[in-house]
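Engineer: no sequence on this one, just coordinates:
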């Protein structure tokens, strides 16, 4: 599985790109704190913006709305293996003279990525009662995590769904428990509705390259068996 690069590597990239102390740097809150730590280490001021609900990546429209004369850079994150909308972000950065410094990941081999993509396609074809990942036209998705939305009443239903799956022996995890802007060391008083909704609804299901079709079918069957229990209010 690919892993996000450490904060000090991103901090070096930001400094080398030209981020100066006091500069505003636009970042997503949905994800790990690594990006915010790197911005702070570079002397920048993190500005949180919302995500696009279908990709979980930073929303270019939200980025544009957050720009001020003090903005110097944008840090997109290719969330869960889905590439951010780099075409729109590049156009926006170029038009405003901003730095664009993507948070890269350590990539897996192409063979492993292809297997994960095939496993993800297998689940997508068979899952009935969760909202499966969407891949934007022309975008790349390496499926470092296979993240679904559990319909219902948000966090309580998602957590109940996860507990039941684990009881059935299905490994699953909440990909983002707390958005960065609500973590005490990085707290900001901002309202990011799509970020909050994703934190309440999302669940990561296993699609590792070593999984057999039987194991994948067990994941799908276990999820589908819960469909009648958790429905939107």
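Structural biologist: Perfect, I can see it now. In this text, all values refer to a predicted model and were calculated from it rather than measured experimentally.
Engineer: and for the longest helix along the chain, what are the contacting residues?
Structural biologist: Counting by DSSP state H, the longest helix found in the chain is helix 110-126. Residues outside helix 110-126 that contact it (CB atoms under 8 Å, 6 or more residues apart in numbering): 81, 107-108, 132-133, 141-144, 146, 205, 207-209, 211, 213, 216-217, 219-220, 224. (C-beta placed from N, C-alpha, C; glycine too.)
Engineer: How about the contacts made by residue 33?
Structural biologist: For residue 33, the contact set (CB under 8 Å, 6+ apart) comprises 180, 183, 185, 186.
Engineer: Need the per-residue pLDDT for it.
Structural biologist: Per-residue pLDDT puts residue 33 at 93.
Engineer: Can you give me the distance of it to residue 110?
Structural biologist: Using CB to CB, to the nearest Å, residue 33 is found at 30 Å from residue 110.
Engineer: do the same with residue 13
Structural biologist: Where residue 110 is concerned, residue 13 sits at a distance of 24 Å (CB to CB).
Engineer: Those two: which has the busier surroundings?
Structural biologist: Legend: neighbour count by other CB atoms under 10 Å for residue 13 and residue 110, higher for residue 13 (19 against 9).
Engineer: before we move on, the earlier item: so which one of the contacts of residue 33 is the model least confident about?
Structural biologist: residue 185 (93).
Engineer: What count of nearby residues applies to that one?
Structural biologist: Counted with other CB under 10 Å, residue 185 comes out at 9.
Engineer: what sits against it?
Structural biologist: Residue 185 makes contacts with residue 33, as judged by CB under 8 Å, 6+ apart.
Engineer: if you set the cut-off to 7 Å instead, what comes out?
Structural biologist: Contacts for residue 185 (CB atoms under 7 Å, 6 or more residues apart in numbering) come out as none.
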